[in-house]
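Asks: Sharing a model that was predicted from the sequence below.
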Amino acid sequence: MTATVDNKRTAGFKSRWAAMPKQVRWAAIAALVVLLYILPNKWFYEYLGFPIGSDYFAFYTTRSDFAGVLFDTAVFVLLAVGLNVVVGFAGLLDLGYFGFYALGAYTVALLTSPESRFGTNWPWLAAVPLAVMVTMVSGVILGGPTLRLRGDYLAIVTLGFAEMIRLYAARNEGILQGQRGIPGIPHPPGSGTDGKPLFGVVDARPYYWLMLTLILVVLLLIRNLANSRVGRAWVAIREDEDAAEIMGVPTFKYKLWAFAIGAAVAGLTGAVFAGKQTFINSDQFVLESSILVLAAVILGGAGNIKGAIVGGAVTWYLPEWLRGIGDLLGVEFDAAEYRILVFGLVVIVMMIFRPQGLVPNRRRAAEFADRRKEAVPQETVPNE
Amino acid sequence: MNFDELFGNFPALTITGLEQGAIYALIALGYTLVYGVLRLINFAHSEVFMVGTFTALWTWQALGYNQNSAAPALGPLILAVVAGLVVAMAASAVTAVTVELVAYRPLRRRNAPPLAFLITAIGASFVLAESFGIGTRRAPFGMPDLLPQKTVFTVFGAAVTNVQLLILGVTLIMMVALDQFVNRSRQGRGIRAVAQDADTAALMGVNKNRVILLVFVLGGLMAGVGALLWDIRFGYTKFNVGFLIGLKAFAAAVLGGIGNLRGALLGGLLLGVAENYAAGLFGGDWKDFTGFVLLIVLLMFRPTGLLGESLGRARA
């Protein structure tokens, strides 16, 4: 039944991986996680004997603080994992994903900042669950009227939503304080053994670790969800909504769930981002970022959690790294400037030639292959 | 809520609204035509408009006008406007056709799911916007003041300017021409046939791909006209100028009934007017939200729009 779409090499790797004992697989995953945790530490590279600060070190992004770049990449990966639930699992096109991210960040900012007009001054930790709830509810409010309709309306409504949030934040001088933004958002709590606060201004590593931990937790939750009744309902909706409805899947309910869960993940990410940044304004939530997250999901392979992780890492890390390479060669080349252009092209090319993505979900790849086989050869009809 | 502002300036707000709505309507036609035939929201259409605004500007620069040059006499003025119009229409149509050939046709050949079309559409939109953004260093560009605004006459105390008359006049002419073309010509019949039932139309000897190409050309031409009028009225352009106006034009198309040509005109004018009333009532900050809120409310209560969908039944 399942069409084999993977080429031989990856298939070989996959079967070998599956054939390994469970303990070995767990150990390998644990080793990878540990590696990710120690990645931003200087002593790690000293121990390995790499010349630190040297321009010739391949992984280091020479122009930016490496831990900061890793944090941004982790933010992106978590966003991609969340959007993957909406686009990849349920097959709903959400183009305003960053709107929810902005909403989460602003909720935290308004509740915690001493500069906020609300004057609540909550601690950061107390504001995070509320931010997640607010984004989830807003997802339900936005999805409610639009998810009943054709999927393409959802795309444009979400696109409008993200831009409206940004515009409102930019213009509203009252609560959101326009372009001046909201400063003074507190850092996450906790202090080290020496009494200094764990989450400071200079060192981005603790934030990266926090984000990595959150990613792992969210991954576990979403993976279990995807393997449950809910996940099966999503796949059924994605493949054929009418058929799913006839088979008794309450499609609207599950679509709304997917949308709300995706929104909640974005809200959580935004809340953490606000805690690191301590200052947010509307310029940080431009629409292009929504498209970058979407590109990450498509590039990695929609419908596959591993794909979303790979895609998220590539879309953020690669341009930062290229920036460093440009410096190395003495060329003033800002890869981030071309980021949207390149990933826009990547999205088009991927959709035409490899719609299943770099790390495809097997079932989804089979769907694309089946459809392609069904395609009527139009060009056999002579013109007129 | 500022009712004084709304009722005090009611005629002026209405006239400004109609003028802006006319531009929305011209762009909405492109969304409606493509949607009627392909059932696809052509996200890249906003960039088709953007290309038109830039090419009209470049034409004027090539003719020797810049921001400081004095307003030309009637003869050169007509020449400049017509040259800008022709170039903008041509450039927009070429852009629309390129998007169709590069982004959509390969997908149709592969029988891709609808989601894939939407994703490539958004990809194409960003590629176009970004290449202009990089090429123009993301700077805004001012237009030569070809046609200084002059009050021609007043209605209920509201001034009607020459630019407003030009915009409304041109929009109506283009609208009637397009409507007649789709409803009366042989090509138009092909468009309606494919919109009604693509497979049956193909069996009857209609060349589907040619019809689709034609639809993109028509949408591009209309967007080019809208771009020229935008340049004359608002006097600036930028690489992302299409985004917001594209969103509003789409809302206008849905408002009138997507796939319905007359609906696009009605929706555009209604949206323009509603926007200005909202700006009067709640303040200018809220102007851009009107279209969006209207779109959501409409999708809840009457998703087929005011005049109903379907290009195939445009004649009925």
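Replies: Alright, I've got the coordinates.
Asks: Flag the shaky bits of chain B, pLDDT-wise.
Replies: For chain B, the stretches with pLDDT under 70 are B:1, B:309-316.
Asks: and if you look at chain A?
Replies: A:1-12, A:42-43, A:45-46, A:48-64, A:150-151, A:191-196, A:201-202, A:323-336, A:375-384.
Asks: Domain ranges for it, per the record?
Replies: By the record's domain assignment, chain A is partitioned as A:77-187+A:198-285, A:287-359 (automatic domain parsing).
Asks: so how far does the shortest one reach from one end to the other?
Replies: As for domain A:287-359, its first-to-last residue distance stands at 26 Å under the measure CA to CA, to the nearest Å.
Asks: returning to what we had before: is it possible to get the domains of chain A out as JSON lines so that each row also shows mean neighbour count and distance to residue B:213?
Replies: Placement of C-beta: from N, CA and C, glycine included. Shown next, in JSON lines, are the domains of chain A (neighbours: other CB atoms under 10 Å in any protein chain shown; distance: least, CB to CB, whole Å):
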{"stretch": "domain A:77-187+A:198-285", "mean neighbour count": "21", "distance to residue B:213": "21"}
{"stretch": "domain A:287-359", "mean neighbour count": "21", "distance to residue B:213": "18"}
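Asks: so can I have a markdown table of those domains showing distance to chain B?
Replies: Output for the domains of chain A, formatted as a markdown table (distance: least, CB to the nearest CB, whole Å):
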| stretch | distance to chain B |
| --- | --- |
| domain A:77-187+A:198-285 | 4 |
| domain A:287-359 | 4 |
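Asks: Pipe these into TSV and attach distance to residue B:118 per row.
Replies: TSV is the format used below for those (distance: least, CB to CB, whole Å):
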stretch	distance to residue B:118
domain A:77-187+A:198-285	5
domain A:287-359	10
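Asks: Of the ones you listed, give the one that comes closest to residue B:166.
Replies: Among the domains of chain A, domain A:77-187+A:198-285 comes nearest to residue B:166, with 29.4 Å by CB to CB.
Asks: in what helix or strand does residue A:271 lie?
Replies: Secondary-structure assignment from DSSP states H and E places residue A:271 in helix A:251-277.
Asks: Same question for residue B:68.
Replies: Taking DSSP H and E as the criterion, residue B:68 maps to no regular element, lying outside all helices and strands.
Asks: cool, and residue A:114?
Replies: Assigned by DSSP H and E, residue A:114 falls within no helix or strand.
Asks: From residue A:134, how far out is it?
Replies: Distance of residue A:114 to residue A:134, computed by CB to CB, to the nearest Å: 20 Å.
Asks: about what we covered before: how far off helix A:251-277 does the following helix or strand past the helix holding residue A:271 point, in degrees?
Replies: Heading C-terminal from helix A:251-277, the first helix or strand you meet, by DSSP H and E, is helix A:287-300. Between helix A:287-300 and helix A:251-277, the angle formed by their directions is 120 degrees, by axes from the mean of the first three to the mean of the last three CA atoms, to 10 degrees.
Asks: by contact count, what packs against helix A:287-300?
Replies: Using 3 or more CB pairs under 8 Å, 6 or more residues apart in numbering or on different chains; DSSP states H and E as the contact test, the elements touching helix A:287-300 are helix A:66-83, helix A:97-112, helix A:151-171, helix A:305-328, helix A:339-353, helix B:114-135.
Asks: Out of the ones you listed, which is closest to residue B:274?
Replies: Residue B:274 sits nearest to helix A:151-171 of all the helices and strands packed on helix A:287-300, at 15.5 Å, using CB to CB.
Asks: Now do residue A:273 against residue A:74, distance only.
Replies: Counting by CB to CB, the gap between residue A:273 and residue A:74 amounts to 10 Å.
Asks: In CSV: the helices and strands packed on helix A:287-300, plus distance to residue A:143.
Replies: Formatted as CSV, these follow (distance: least, CB to CB, whole Å):
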stretch, distance to residue A:143
helix A:66-83, 14
helix A:97-112, 11
helix A:151-171, 8
helix A:305-328, 20
helix A:339-353, 24
helix B:114-135, 16
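Asks: Within its local environment, how many residues does residue B:149 see?
Replies: Residue B:149 has 14 neighbouring residues, counting by other CB atoms under 10 Å in any protein chain shown.
Asks: Quick one: the strands in the stretch 1-150 of chain B, in order.
Replies: Per DSSP state E, counting those that start in this stretch, the stretch 1-150 of chain B carries strands over the ranges B:141-142.
Asks: What ranges does it have for its helices?
Replies: For the stretch 1-150 of chain B, the helices defined by DSSP state H, counting those that start in this stretch cover B:3-8, B:10-38, B:45-62, B:74-99, B:105-109, B:114-135.
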